[in-house]
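the sequence isn't on hand, but the structure is:
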């Protein structure tokens, strides 16, 4: 690693991604507050969440094809400039007292449709500007920036700004996208994927390119196992967190502030894991980072199913936050190391598609299972699933297998 460092191009990409994440976080918090200020109909409120998640299912796969066809930096700039007028229009409508729920839904859809492709493009662009040996550090700092701005700062900041005037979070959001676009414009170089001979990638149908990405991923035992695990574990995690507010109230005797602090514990853990991620992974080895993470996943569900102590649950969620960050760093770094450069968009978008599917199904299952079988049932189910998948995949994360993956050089797919 001697002589290798994260240069100015990475600093600009980090600043752009972090600024954009702050803006998206402001909108994520302000949107339900805006809806709730106009209606108390639960279906309308939950509809905002459904509209926000829908683009992740609709556009992740075709978005990956687009990322593998065009200059990734220019695509990210275009996506930011699309979001600027969309969010600004909503802010102006709120200022004029002429906003409708339909307009808010439409803007949320546009924001998230752009976000899913923006994230895919950023992940695909990263290996072009970061030395291979520093991918863990680069991904860790990106996770840290996103966790700090989107996970910790945007909530209280958006709530404060919304209290001053409902339009302000959206004006600021539009400004963050503009700043992100300008920062990306300062990054030198071209980031269009090309095969080894330097010729432009041949255009084929979207379906055939998506299928190619799936086929390649299906042949990668380590990556397909990790992505499948993330989808399955996210399903049980979202099922559990979807009723966490009830668990906090009925079993932990916490009010609104205490419930919010549980997520703060997880965010602080995620921030710590992101900042120290490359050093922790190097000390623990990627193999044991993954294996210990599976045990923490199971333990978290077990604690939530059995404990009535708020401090115990808070510490558990802190550890879960550390684990989530480390797993994200290892998963992203392995994907970036192993995937051919001209397929990074499609393979990354496939991961997002699986995660989004798990989130959507989990959100629906959590409430349904808790209503029918009891409040702790989603946590017991999550514990059983985590134990089973740990046992089934333990050998996949063998030290030799993971070490070989880290040493492997990706080749151009075609």
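That came through, no problem. For clarity, every value in this text was computed on a predicted model and none was experimentally measured.

which strands or helices does the host helix or strand of residue 184 pack on?
Here residue 184 sits within helix 168-185, counting by DSSP states H and E. Identification of packing neighbours for helix 168-185 by 3 or more CB pairs under 8 Å, 6 or more residues apart in numbering; DSSP states H and E yields helix 8-38, helix 72-95, helix 154-164. (Each C-beta comes from the backbone N, C-alpha and C, glycine too.)

I'd like those helices as CSV, with mean pLDDT appended.
Formatted as CSV, these follow (pLDDT from 0 to 100):
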stretch, mean pLDDT
helix 8-38, 87
helix 72-95, 95
helix 154-164, 83
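
now mean neighbour count too, for those, in JSON lines please.
Converted to JSON lines, the helices and strands packed on helix 168-185 look like this (neighbours: other CB atoms under 10 Å):
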{"stretch": "helix 8-38", "mean neighbour count": "21"}
{"stretch": "helix 72-95", "mean neighbour count": "21"}
{"stretch": "helix 154-164", "mean neighbour count": "16"}
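
just send these back as CSV, with distance to residue 293 too.
Below are those laid out as CSV (distance: least, CB to CB, whole Å):
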stretch, distance to residue 293
helix 8-38, 23
helix 72-95, 29
helix 154-164, 26
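
closest to residue 294 out of the ones you listed?
Within the helices and strands packed on helix 168-185, the stretch nearest residue 294 is helix 8-38; the backing value is 27.4 Å (CB to CB).

what about that closest one, distance to the chain center?
13 Å (CA atoms, centre = their mean, to the nearest Å).

in this structure, where is pLDDT below threshold?
For the chain, applying pLDDT under 70 flags the ranges 1-4, 40-47, 49-50, 194-203, 242, 245, 256-257, 260, 363-364, 408-414.

please tell me how far residue 308 sits from residue 235.
Per CB to CB, to the nearest Å, residue 308 is found 26 Å from residue 235.

give the buried residues for the one helix or strand residue 240 maps to.
Assignment of secondary structure by DSSP H and E places residue 240 within helix 221-241. Taking 16 or more other CB atoms under 10 Å as the neighbour-count basis, helix 221-241 is seen to contain the buried residues 222-227, 229-241.

and for it, what are the contacting residues?
By CB atoms under 8 Å, 6 or more residues apart in numbering, the residues outside helix 221-241 that reach it are 217-218, 290, 294, 297, 301, 304, 327, 331, 334-335, 338-339, 347, 350-351, 354-355, 357-359, 361-363, 365-366, 369, 378-379, 381-382, 385-386, 389, 393, 396-397, 401-402, 405.

so who does the residue lying closest to residue 188 once chain neighbours are set aside touch?
Excluding the flanking residues, the one nearest residue 188 by CB to CB, 6 or more residues apart in numbering is residue 9, at 6.8 Å. If a contact means CB under 8 Å, 6+ apart, then residue 9 has 129, 187-189 as its contacts.

what's the helix or strand for residue 308?
Here residue 308 sits in a region with no helix or strand, counting by DSSP H and E.

could you find the closest non-adjacent residue to the residue nearest in space to the middle of the chain?
For the chain, residue 352 is the residue whose C-alpha lies nearest the centre (CA atoms, centre = their mean; 7.7 Å). Spatial nearest neighbour of residue 352, excluding adjacent residues (CB to CB, 6+ apart): residue 60 at 4.4 Å.

check contacts around the one you found.
116, 120, 349-350, 352-353, 356.

would you reformat the residues you listed as CSV and include secondary structure and distance to residue 151?
Listed next are the contacts of residue 60 as CSV, based on DSSP: H, G, I helix; E, B strand; the rest coil; distance: CB to CB, whole Å:
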residue, secondary structure, distance to residue 151
116, helix, 18
120, helix, 20
349, helix, 22
350, helix, 24
352, helix, 18
353, helix, 22
356, helix, 18
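
closest to residue 262 among these?
Out of those, the member with the shortest distance to residue 262 (by CB to CB) is residue 356, at 23.7 Å.

now the helix holding residue 240, how far from the centre of its chain.
13 Å.

stretch 219-232 too?
The answer for stretch 219-232 is 16 Å, by CA atoms, centre = their mean.

now swap in stretch 341-353 and tell me
14 Å.

are any of the contacts of residue 9 buried, and which?
Among those, the ones that count as buried (16+ other CB under 10 Å) are 129, 187.

TSV for the contacts of residue 9, including distance to residue 111 and secondary structure?
TSV is the format used below for those (distance: CB to CB, whole Å; DSSP: H, G, I helix; E, B strand; the rest coil):
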residue	distance to residue 111	secondary structure
129	26	helix
187	23	coil
188	28	coil
189	28	coil
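
quick one: the contacts of residue 9 as CSV, columns for distance to residue 285 too.
Below are the contacts of residue 9 laid out as CSV (distance: CB to CB, whole Å):
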residue, distance to residue 285
129, 26
187, 33
188, 36
189, 34
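
identify the residues contacting the spatially closest residue to residue 157 that is not a sequence neighbour.
Nearest non-adjacent residue to residue 157, counting by CB to CB, 6+ apart: residue 26, 6.7 Å away. By CB under 8 Å, 6+ apart, the contact set of residue 26 is 154, 157-158, 161, 169-170, 172-173, 176.

and which of those residues is nearest to residue 273?
Of the contacts of residue 26, the one sitting nearest to residue 273 (CB to CB) turns out to be residue 154, at 19.1 Å.

the closest one: what's it in contact with?
21-22, 24-26, 28-29.

among these, which two are most distant?
Distance extremes for the contacts of residue 154: the farthest pair is 21 and 29 at 12.7 Å, using CB to CB.

for burial, what's the neighbour tally of the closest residue to residue 82 other than its chain neighbours?
Spatial nearest neighbour of residue 82, excluding adjacent residues (CB to CB, 6+ apart): residue 114 at 5.7 Å. Using other CB atoms under 10 Å, residue 114 has 24 neighbouring residues.

enumerate every residue touching residue 114.
By CB under 8 Å, 6+ apart, the residues touching residue 114 are 79-80, 82-83.

I'd like the distance from the strand or helix carrying it to the chain centre, please.
Under the criterion of DSSP H and E, residue 114 resides in helix 101-129. The chain centre lies 11 Å from the centre of helix 101-129; the measure is CA atoms, centre = their mean.
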